[in-house]
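Chemist: Sequence first, then the predicted structure:
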Number of protein chains: 2
Amino acid sequence: LLTSTELDHLRVVLVSTRNPLNIGATARAMSNFGFRHLRVVNPYEPAFQEARSAVGASSVLAGAERSNCLGEAIQDCTLVVGTTAVRHRHLHHTVRRPEEASPLLRKKLRSTNVALLFGSEKFGLSNDDLSHCHWLVRIPTRDENISMNLGQAVAVCLYELIRGETRVLGKPDRSPPASAGEVERITAMLLDALAVSGFLDLRRVADSEQRIRRLVRRLHLPERDAVIWLGIFRQILWKLRANQTPRSSAGPRQVSE
Amino acid sequence: LLTSTELDHLRVVLVSTRNPLNIGATARAMSNFGFRHLRVVNPYEPAFQEARSAVGASSVLAGAERSNCLGEAIQDCTLVVGTTAVRHRHLHHTVRRPEEASPLLRKKLRSTNVALLFGSEKFGLSNDDLSHCHWLVRIPTRDENISMNLGQAVAVCLYELIRGETRVLGKPDRSPPASAGEVERITAMLLDALAVSGFLDLRRVADSEQRIRRLVRRLHLPERDAVIWLGIFRQILWKLRANQTPRSSAGPRQVSE
């Protein structure tokens, strides 16, 4: 839903990341969702080098810019949003859920650059980092395990941005139902098979035929499958009868799915 | 927003996963969002062992159940949903976006077990795996890089489930559906009957078993009717076989509607 220009307005900023896999995973999620600008602040140097030289490293990673301080990395942005795992202790900032944050971010992305910040695996964003932020996003994790893997947190935040907002709950449901005539032919064939197989003898009830009819109706057979079900019961019935009165071989006329 | 019971109704199923980091990342995202039941089908064994013995491995991982076939892993589920990266080529399944899928999943989670399947890193879910699925979810990635990291895909799908959502879908459901285990037992019985009756011989196609499995899945069998359909096919099968090798009379053990 975001235009190419809007996608290009986002800067994903990793601050003091230590694990090369997380840098790679961030770049991959960005590439999956169409974002291009990755900035890496004060990374653990070997991690950054390892991530960039990984097999299959994306163009996002190749184009990643590194800076030694956060101020430099966000200088062209008019909105700076941090991410946090903790719920409290953010006296200075509004903390929003991702679904509240996304419309605000999308609106800004139309016209200006926006920075989305992710802190280190161990400590998150420092108070100094946070002082650059206008507000914060928190993915609603459980108290028992609030801290997400960095690559997964990035994926969730970016997904929220590209997630369809115009929801069409149109329900593209199942194929059209079989006609009453088809359902009845299948029912008749099944009833014959049940009679021949002895099934109905075992369960003598006055309204067995009606019960079977209701049973088949409850299947809500799709139209596309009516012919094959008819073929299945026709063949079974033919075989049940052929066994009783031995005849040639073959079978009834064929049907195709 | 999901209750503890609803969270417990989800089974995250990893099929043929090879990378221990992805098994660990899956467990971590589950733990972040409060889901507990991880099932691992046919994993690359060293990967599973490595993931379980990793430092800080969660209780989700410790409680992970492994099975050798998908059917076993999903037998207590009444809705089976697969994930896919590709947009086309799913002629047999409805493919939904995560935001369309979530309300449907949440609704089912209220009362029954739901399986959410993720395929291997390299190949995704196989056609055989897909034949167990009622429908599919696809995260809307870009054509240039459609394939997400497995751990990130899991995080996004689970996040969608717990994400704040107030919208209620209308349309109260019909009677509760049969479990995957029941449907699979009926499918197996039908396949036997089709083999004995000669039906399958007349229609030699490579994937006939998958076709029949999909055919039965499309019936959306109600739970209340599972036993009677099983009885019907059991009796028919017994009769087909009894005719071939004459035996006494009677029939298999009875079932009642």
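Modeler: Sure thing, it's come through.

Chemist: so what's residue A:112 closest to, chain neighbours aside?
Modeler: residue A:78 (4.2 Å; CB to CB, 6 or more residues apart in numbering or on different chains). Using the backbone N, CA and C atoms, a C-beta is placed for each residue, glycine as well.

Chemist: all helices for the stretch 151-257 of chain A, in order.
Modeler: A:180-197, A:199-202, A:208-217, A:223-244 (DSSP state H, counting those that start in this stretch).

Chemist: Would you convert those into JSON lines that also reports mean pLDDT and distance to residue A:18?
Modeler: Below are the helices of the stretch 151-257 of chain A laid out as JSON lines (pLDDT from 0 to 100; distance: least, CB to CB, whole Å):
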{"stretch": "helix A:180-197", "mean pLDDT": "86", "distance to residue A:18": "64"}
{"stretch": "helix A:199-202", "mean pLDDT": "79", "distance to residue A:18": "68"}
{"stretch": "helix A:208-217", "mean pLDDT": "82", "distance to residue A:18": "62"}
{"stretch": "helix A:223-244", "mean pLDDT": "87", "distance to residue A:18": "55"}
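
Chemist: Any chance of those in JSON lines with distance to residue B:108 and mean neighbour count as columns?
Modeler: JSON lines is the format used below for the helices of the stretch 151-257 of chain A (distance: least, CB to CB, whole Å; neighbours: other CB atoms under 10 Å in any protein chain shown):
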{"stretch": "helix A:180-197", "distance to residue B:108": "27", "mean neighbour count": "18"}
{"stretch": "helix A:199-202", "distance to residue B:108": "33", "mean neighbour count": "18"}
{"stretch": "helix A:208-217", "distance to residue B:108": "23", "mean neighbour count": "16"}
{"stretch": "helix A:223-244", "distance to residue B:108": "23", "mean neighbour count": "20"}
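
Chemist: okay, those in a markdown table with distance to residue A:20 next?
Modeler: Putting these into a markdown table (distance: least, CB to CB, whole Å) gives the following:
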| stretch | distance to residue A:20 |
| --- | --- |
| helix A:180-197 | 60 |
| helix A:199-202 | 65 |
| helix A:208-217 | 60 |
| helix A:223-244 | 50 |
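
Chemist: With distance to chain B as extra columns, can I get these in a markdown table?
Modeler: As requested, the helices of the stretch 151-257 of chain A are exported to a markdown table (distance: least, CB to the nearest CB, whole Å):
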| stretch | distance to chain B |
| --- | --- |
| helix A:180-197 | 4 |
| helix A:199-202 | 4 |
| helix A:208-217 | 6 |
| helix A:223-244 | 3 |
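
Chemist: Let me know the pLDDT of the residue nearest to residue A:112.
Modeler: Per-residue confidence (pLDDT) for residue A:78: 89.

Chemist: just so I know, which of the helices of the stretch 151-257 of chain A lies nearest residue B:224?
Modeler: helix A:208-217 (9.7 Å; CB to CB).

Chemist: Point out where the stretch 51-200 of chain A drops to low pLDDT.
Modeler: A:55-57, A:88-91, A:165-175 (pLDDT under 70).

Chemist: ok, which residues in it are in contact with chain B?
Modeler: Taking CB under 8 Å from any CB of the partner chain as the contact definition, the stretch 51-200 of chain A meets chain B at A:58, A:97-99, A:139-142, A:144-149, A:151-156, A:159, A:162-164, A:167-169, A:171-174, A:190, A:193-194, A:196-199.

Chemist: What about those, which are in strands?
Modeler: Among those, DSSP state E puts none in strands.

Chemist: Are any of these buried, and if so which?
Modeler: A:58, A:98-99, A:139-141, A:145, A:148-149, A:151-156, A:159, A:162-163, A:190, A:193-194, A:196-199 (16 or more other CB atoms under 10 Å in any protein chain shown).

Chemist: quick revisit: quick check: phi and psi at the residue nearest to residue A:112.
Modeler: phi -100, psi -10 (degrees, to the nearest 10).

Chemist: Distance-wise, check it relative to chain B.
Modeler: As defined by CB to the nearest CB, to the nearest Å, residue A:78 lies at a distance of 26 Å from chain B.

Chemist: what's the burial count for that residue?
Modeler: By other CB atoms under 10 Å in any protein chain shown, the residues close to residue A:78 number 13.

Chemist: who's in contact with it?
Modeler: Listed by CB atoms under 8 Å, 6 or more residues apart in numbering or on different chains, the contact set of residue A:78 reads A:108, A:112, A:113, A:114.

Chemist: Buried members of these into PyMOL, please.
Modeler: This is how PyMOL selects the buried members of the contacts of residue A:78, with burial counted by 16+ other CB under 10 Å:
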select buried, chain A and resi 108+113+114
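
Chemist: mind putting the contacts of residue A:78 in CSV, secondary structure and distance to residue A:184 included?
Modeler: Formatted as CSV, the contacts of residue A:78 follow (DSSP: H, G, I helix; E, B strand; the rest coil; distance: CB to CB, whole Å):
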residue, secondary structure, distance to residue A:184
A:108, helix, 61
A:112, coil, 65
A:113, coil, 66
A:114, strand, 62
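
Chemist: right, and residue A:152 touches residue B:153 too?
Modeler: No: look at residue A:152 against residue B:153 with CB atoms under 8 Å: they stay out of range, at 9.6 Å.

Chemist: Pick out whichever of the contacts of residue A:78 sits closest to residue A:18.
Modeler: residue A:114 (25.1 Å).

Chemist: bridging residues for the closest one?
Modeler: Under the criterion DSSP bridges, residue A:114 forms beta bridges with residue A:10, residue A:79.

Chemist: Contacts only, for it.
Modeler: The contact partners of residue A:114, by CB under 8 Å, 6+ apart, come to A:9, A:10, A:11, A:77, A:78, A:79, A:80, A:81, A:105, A:108.

Chemist: let's see 6 Å
Modeler: A:10, A:77, A:79, A:105, A:108 (CB atoms under 6 Å, 6 or more residues apart in numbering or on different chains).

Chemist: ok so the second one is a strand residue?
Modeler: So that's residue A:77. No: under DSSP: H, G, I helix; E, B strand; the rest coil, residue A:77 sits outside any strand and is assigned coil.

Chemist: how near is it to residue B:81?
Modeler: For residue A:77, the distance to residue B:81 (CB to CB, to the nearest Å) stands at 39 Å.

Chemist: for the last one, same thing?
Modeler: The span separating residue A:108 from residue B:81 equals 35 Å under the rule CB to CB.

Chemist: go on, residue A:148?
Modeler: From residue A:148 across to residue B:81, the span is 23 Å (CB to CB).

Chemist: what's the neighbour count on residue A:26?
Modeler: So residue A:26, with other CB under 10 Å, has 29 neighbours.

Chemist: Just say helix, strand or coil for it.
Modeler: helix.

Chemist: Please report how far it lies from residue B:31.
Modeler: Taking CB to CB, one finds residue A:26 at 21 Å from residue B:31.

Chemist: try residue A:136
Modeler: As judged by CB to CB, residue A:136 and residue B:31 stand 22 Å apart.

Chemist: do the same with residue A:127
Modeler: Where residue B:31 is concerned, residue A:127 sits at a distance of 28 Å (CB to CB).
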